[in-house]
Each structure stands twice: as structure tokens, then as C-alpha cells.
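Participant: I'll drop the sequence and a predicted model, then ask my questions.
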Amino acid sequence: MGAASSWEVRLEADVDLVKARRLADLAMAGAPLDVSQIDLLTHDLLPGWYEEWLLDERDAFHLVRLQGLEGMCRTATHLRQFGLATREGLAAVSAEPLRQSAVVALIRAHVEEGNRYETWRCYERYRDLLHDELGVTPGFEVTSPVAAVRGLERRPEPASSLGSRRRVVSGR
């Protein structure tokens, strides 16, 4: 018979979960990440699997993933990288639409970018979802960044403008 062939089997596996956790930790600490690193945090762990051994691990990773996406959104906003900021904010909001901290991060990115329409649209969507699902209204952390854009909160008028207005009214 012919010469014996030898087969060598190698297993080289990268564990994306370990990398994703490290990246989420970096993002939460305010380190800027690049797009290839960000992609590791855009998906949940084994979606569609419901084995008992997996549920706690998936929930833990889901939370870390959201915190990482929010951290990246805040960091990118601070660095004025609004494309990345809104991408990560949207990923966080898509993963957990009722998560206030994700909505706040995304709204602040829109505000800093000067995008009034997207700011208001994001706020309205969250406000309506919060009302429909929980019967409550958004808190101050959500309304505050939107207030300057839409005038949701009235600012007190300076005393000088009140005085000039009084003069005009009293001069009739």
C-alpha cells in the first residue's frame, strides 16, 4: 500500500466574548475604539439559544455590551466624532429601547452635533414608548438636553428685558 499520510489537526480559536468584554471595559473607561473593535459589541451572545447554562452569562454580557456602547457614544461625542457617536448610541437604544442611559447618550450626541430634528425625534420616540410600555414620562436626565433644542422648559427672562417690557406696556 501507499505511504502513510499524516494529518495534523490544529484548533485555533479566538474567543470574541473575551475580546468584547475587554473592549467594553475600555469603552466604559473612555478609551476611543475603532470601527472593527466596535462591531464586537453590536450583537448579543448566542441570540436564540435558551439553554439554562447560558441565560445568566448572556444577561451579564448584554449589560456590559450596553454599557460599552453607551461609553463609546459618550467618548465619540466628546471627540466630536458624531458618526460613530450616533452609530453606537443607536446600537445601544436598539438593543434596549427603554434604557434611559442609552437614550440620553444618543440625545446628547444629536444635541452636540446640532441636529435638532434627530434630537426631537429620538426624544419623542422614547417618550411615547415609555408612556405606552410603563405609563410614565421621561425623567429630567432625558428632558434636560432636549429642553434647549425645543424649549420644553421655560427659562426665566433676564431682569433687563422685563424692565424694558414694562416700560413699553406702561407707556400706553
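Facilitator: Structure's in. What do you need? Numbers count the residues shown, from 1 in each chain.
Participant: contact partners for T137?
Facilitator: Residues near T137 by Cβ atoms under 8 Å, 6 or more residues apart in numbering: 127, 130-131. C-beta: built from backbone N, CA, C; applies to glycine.
Participant: likewise T86?
Facilitator: Residues in contact with T86 (Cβ under 8 Å, 6+ apart) are 73, 106, 109-110, 113, 118.
Participant: narrow those residues to those in helices?
Facilitator: 73, 106, 109-110, 113, 118 (DSSP state H).
Participant: and the helices in this structure?
Facilitator: Under DSSP H, the chain gives helices at 16-28, 35-38, 52-78, 82-95, 100-113, 116-134, 140-150, 159-170.
Participant: dump those into TSV; add distance to L45 and mean pLDDT as well.
Facilitator: Shown next, in TSV, are those (distance: least, Cβ to Cβ, whole Å; pLDDT from 0 to 100):
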stretch	distance to L45	mean pLDDT
helix 16-28	6	86
helix 35-38	17	78
helix 52-78	5	93
helix 82-95	12	95
helix 100-113	18	97
helix 116-134	24	96
helix 140-150	28	88
helix 159-170	56	43
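Participant: about what we covered before: top of the ones in helices among the contacts of T86 by number of neighbours, please.
Facilitator: A109 (30 neighbours; other Cβ atoms under 10 Å).
Participant: contacting residues around the residue nearest to the spatial centre of the chain?
Facilitator: Per Cα atoms, centre = their mean, the C-alpha nearest to the average position across the chain is that of G89, at 3.0 Å. G89 makes contacts with 69-70, 73, 102, 105-106, 109, as judged by Cβ under 8 Å, 6+ apart.
Participant: now tabulate those in JSON lines and tack on distance to R80.
Facilitator: Putting the contacts of G89 into JSON lines (distance: Cβ to Cβ, whole Å) gives the following:
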{"residue": "L69", "distance to R80": "18"}
{"residue": "E70", "distance to R80": "18"}
{"residue": "C73", "distance to R80": "13"}
{"residue": "A102", "distance to R80": "20"}
{"residue": "A105", "distance to R80": "15"}
{"residue": "L106", "distance to R80": "16"}
{"residue": "A109", "distance to R80": "10"}
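Participant: ok, so of these, who is nearest V146?
Facilitator: V146 lies nearest to L106 out of those, by Cβ to Cβ, at 11.4 Å.
Participant: fine by me, thanks again.
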